[in-house]
Every structure is written in structure tokens, then in C-alpha cells.
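Trainee: how would this look folded up:
(one chain, ligands or ions: 1)
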Amino acid sequence: MPQCILILDFGAQYTQLIARRVREAHVFCEVVPFCVSVEEIQRRKPVGLILSGGPASVTDSDAPRVDPMLYELGLPVLGICYGMQLTAHTLGGVVERAKDREYGRVKVSFDTSVPLCTGMKPQSIMWMSHTYHVTQAPEGFSSIASSDNCAFCAMANPDKKIYAVQFHPEVTHSEEGSLLLQNFLYRICGCAGDWTMDAVIELAVSSIRSQVGENGRVMLGLSGGVDSSVAAALISRAIGSRLTCVYVDHGFMRKGETDSVREVFTKQFPVNLIVCDAKKRFLDQIRGVSDPETKRKRIGAEFVSCFADEARKLHSVTFLAQGTIYPDVIESGCVKGSAVIKSHHNVGGLPDDVSQRFTGGVIEPLRMLFKDEVRRVGEALGLPHDMVWRQPFPGPGLAIRIMGEVTEEKLFTVRESDAILREEIAASGLDREVNQFFTVLTNTRTVGVMGDERTHEFVLAIRAVTTDDFMTVDWARLPYDLLSRISARIVNEVPHVNRIVYDVTTKPPATVEWE
Ligand code: XMP
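Mentor: The predicted structure follows:
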């Protein structure tokens, strides 16, 4: 097993970010609830602990606490924001409400002679967000960083390897935040940097083999998305054709995607691939339907039904694999102590006779990985670039990018226009910068003129957005000449379109998708 840092979560919005930064520094870490017992910590044998920030005030009687024994385990500790205040409070220091709340970029002076600050500039900008601060350090601690408003921006007891910072080294606005975290990991915890993608693959392959055994068989629903594709490639590497992948071709995929899935999972990662050609079934289900919610529901139900039909035929398969990733695990609440695990919702979505068939259990090879790590594993395994860097794509696919009724003719129009858009944005080199882009076939016809002919064809919209999390998005400022090229090509090359518009709405108030 790789070395592990445990991150005790006090409910900060940045906890996942801390975990990602640690992993980026090639050190494995896990997020655990703050109330984890000292015995459990010892059982997991971490090489260091990080106490996250959190919204509470340590001076409140019901604020989250830790067992003081945590500081006596001989393990290096780094407290961040609330984690610093808690450390001070628990070990006998004083925490008080600050006169001036510090928020945003703050110039901090560092004592660069301590291991935590080795190699850092004597002064740099760090990101602060706090109302309370330490005004007196506990015995054995001294200040190692200060700002104009705060004498204890960071404190340390180097003999006990306990460090704490008031600012957030994990956010990119903190100039030397990564260096500080790396100092903690490498100079203080003595990490070896053994969390590499090769190690992740090796570990995943051996744990799949031991879970499935010599003869076990596994089924996986392959959607063509990043997570299920990487999961399939990993399981294929572990057990080869004892993996059966079911790919439901609902006919709403983008140009070339189904062929690419077939190519990769028959040649590069040979699995027992079942392509369920359900194009007609799906179109029949939504024929004449123009209400977006009804469309989505019917497609969802048909999907489960197709998948279940295939699963019923696979008598010898007892394991179900899923592409659950670490943010799903954290957000589903199992890290926060609740019993709800989102990954099992999919199993729950299957009819009873099917879900009960998977007596072996659920295989989740990506359960400990963040999305960027999943992509890096995909790259390390040699999956095609387009598959690894695929943008989010809704389950109902192109069907919800056609306003109103879906027909084969309209699917052709939206699929071809989407392919041109993708080609042109890739050629302009903007495909990583713009987080998601696609075309939408509206239900509106306008008059145009082509050659000497009057036309009465559809308006097609282009949507391109930039975002970190898809919760809020901005519309991408695509260069005019690029838009102009895309517009000309689509109108010339794609049937039934005579006008192109560009969607310049943010989310909120709009959503990314139109339906
Ligand atoms: P909205 O339209 O809600 O989309 O702003 C936010 C992000 O989610 C994607 N999306 C979906 N993804 N199943 C999915 O897996 C869906 O039904 C679905 N609907 C929207 C959307 O493409 C965007 O990235």
C-alpha cells in the first residue's frame, strides 16, 4: 500500500482541494470525518495528519473537537484555518475574534528557517478567510509567520512536528501554498512520493483480482464516458474477457463515439463487449414527445430496461462494476458518517431480479480517485485522447439537444453540426480552455436564401461555456473569426440549417443544456 496522509474534515469547502493538492504532490491521502477515533487513526497507519478548515468557531460550546491524544501519537500534524485554531485551543493557546476580519489576499512574512517554510520567499501572498485567530500560542509553539493584522499566521512546535497555518495553502491564490504543502509532506512527514499513476494501476489491478478471485465474472455498464471507460480498461487489464461490458446504443451519441468504444474494447482492451443496438426502441419511446422532462424520463427508463435485459442473459456473472469516483464517495455522505452511498443507487435502479443476481458485490476501481486522476490513469493505460478528455455528456445525449420532437433527420443535423464545431474548436487550440461546447437544434424555422432559392429551415444554436464545476458557468468568448468559420461550415455542410446563433447566457439564470 502507498503511504497515506489522513485529512480530518471539519466541513470546509476546501477539504477536497487539500486532498487534490496532496495527491498532485504524489502522496496518497484520504478524507475522513473529524470525529474519527484515535484507534482508527492508528489502525490506518498514516504518515501524517492534516486538519482541514471548517465553518465553526472553536470558542462555541458545540464546535467540532478532536481527542487531545491525537497530538501525542508522534505523527506530524498540519492544521489549516479552523485546524489551526482547534490545535491552539486544544493545546492551551488562546483564540479570539479578530478586530479586523481578514479575507482574500494577504501579505505574509515567513520564518524560512523552519522546515515548513524552507525555500519560500521571506514574504508572499496567501489567501485568508477567517474571523477568529490565535492570539497566544500553546506552550512549546512559536509564531513562524505573521501579517499586519495577525501575529500568528502560522505557528509551529518543530520538536513534536506540529504545524498550523491560518491561511489556505491549498488554493491557487496562495502564491507558495503548494511549496508549503510539499514541505509538510516531504520534509516533515518524510513522504516517498509513491502515489504515481503506475502505482495506482498496479494497486487497482491486484485488488480487482483479489476481489473477483480466479473464476469470478464481472459486468459493467459502459457509457463511453471517462469514468466507465477507465474502469473498463482497468478491469480488462485485471481479468480480461471475464469482464462483460454492456454498451446501450440509444442512437443519441455523438459522431464516431460508438465506433470508438467498439474499437477500443475489442482490440486495445479486449472484453466481452455487448453492444445493445436499441436505436429503434429509444426512438419509439420518444416519438411525438416534445416535453423535456418526459423525454428524459422515458430515455432513463428505457436505458434501465435495456441494461436489465442484457444482465438477465448473463447467468454466470456475479459482480457488478461501477465507475464511482472519490467526489461521489465524499459527497454521498459516507465520509461524513452517513450510511447513504450514492454508488449503490445505480444498483437500486435495476429491477430486483437483476440486482439480486450480483451476489459477489460491487467493484469500484476508481472509488479513491479524483476526476483528474481518473484521466491520468486513462492516459497511462493508453486510452484514446478523445475518450480520456471527453466533456461531460448528458445521459439522454443528443435527444435533449433537439428542441421538441426527436427524429432521425434531426439527429443527423445535430450530430453533424456538433462534429464540425468540435473539429473547428480543436483546430483553434481552444478545446481544453473551453470546458464544454455543443450545438442545439432549435424548433424554430426562419427564412433564408441559398443560391437563388428561398429557404425555410431551422435555427441552430452554439453553446460554449467555461466553468470550474458546472454549477455556475460563463459563456466562452470564442473569437469572432472562429465563430464565423463554424457558422459558414455548418450552414454549407449540414442539411436543414440556414441560421446560426450564439448562446451568450450565463448559468444561472440559464442552464448549460437547453432541455
Ligand atoms: P445543466 O444543464 O444542468 O448541466 O446546467 C450541468 C452539466 O451536467 C450535464 N448534464 C447531465 N449529465 N446526465 C448527465 O450525466 C444528465 O441527464 C445531464 N444533464 C445535464 C451537462 O451537460 C453539464 O455539463
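
Trainee: My read is that Val406 contacts Lys279, right?
Mentor: No. Proximity of Val406 to Lys279 does not meet the contact threshold set by Cβ atoms under 8 Å, at 11.4 Å. Every C-beta, even on glycine, is put in place using the N, C-alpha and C of the backbone.

Trainee: Those two - which one has more neighbours?
Mentor: Val406 (27 against 16; other Cβ atoms under 10 Å).

Trainee: what's that one in contact with, if anything?
Mentor: With contact set as Cβ atoms under 8 Å, 6 or more residues apart in numbering, Val406 has these partners: 252, 283, 286, 289, 295, 399.

Trainee: For Pro365, list the residues it contacts.
Mentor: Taking Cβ under 8 Å, 6+ apart as the test, what Pro365 contacts is 204, 207-208, 231, 234-235, 321.

Trainee: In the stretch 151-300 of the chain, which residue sits nearest the ligand?
Mentor: Using Cβ to the nearest ligand atom, the closest approach of the stretch 151-300 of the chain to the ligand is made by Arg296 at 6.4 Å.

Trainee: tell me which element that residue falls in.
Mentor: Taking DSSP states H and E as the definition, one finds Arg296 inside helix 292-313.

Trainee: and which of the contacts of Pro365 is nearest to Leu75?
Mentor: Nearest to Leu75 out of the contacts of Pro365 is Ser207 (Cβ to Cβ; 25.7 Å).

Trainee: what about Asp452, how many neighbours?
Mentor: By the criterion of other Cβ under 10 Å, Asp452 has 5 neighbours.

Trainee: Now do it, the pLDDT please.
Mentor: Model confidence at Asp452, given as pLDDT, is 87.

Trainee: go on, Pro351?
Mentor: In this model, Pro351 carries a pLDDT of 89.

Trainee: got it, and Lys342?
Mentor: pLDDT, Lys342: 29.

Trainee: Write out the residues of the stretch 251-400 of the chain neighbouring the ligand.
Mentor: 392, 394-396 (Cβ under 6 Å from any ligand atom).

Trainee: thought the residue of the stretch 151-300 of the chain closest to the ligand was touching Pro396?
Mentor: Yes. Arg296 is within contact range of Pro396, at 5.3 Å (criterion: Cβ under 8 Å).

Trainee: Neighbour count for those two, which is higher?
Mentor: Set Arg296 next to Pro396 and count neighbours by other Cβ under 10 Å: Pro396 wins out with 24 against 18.

Trainee: separation between Met256 and Pro384?
Mentor: Residue 256: Gly, not Met. Using Cβ to Cβ, to the nearest Å, Gly256 is found at 11 Å from Pro384.

Trainee: measure Asn183 to Leu116 for me?
Mentor: Taken as Cβ to Cβ, the span from Asn183 to Leu116 is 5 Å.

Trainee: Oh, that last question was meant for Asp452, not what I typed.
Mentor: Asp452 is 76 Å from Leu116, by Cβ to Cβ.

Trainee: rewinding a little: most neighbours among the residues of the stretch 251-400 of the chain next to the ligand, which one?
Mentor: Pro396 (24 neighbours).

Trainee: more neighbours, Gly256 and Pro384?
Mentor: Shown here are Gly256 and Pro384; by other Cβ under 10 Å, Pro384 has more neighbours (16 against 13).

Trainee: close enough to count as contact, that one and Glu257?
Mentor: No. If you go by Cβ under 8 Å, Pro384 and Glu257 don't touch, sitting 10.8 Å apart.

Trainee: how deep is Gly193 tucked in, by neighbour count?
Mentor: Gly193 has 13 neighbouring residues, counting by other Cβ under 10 Å.
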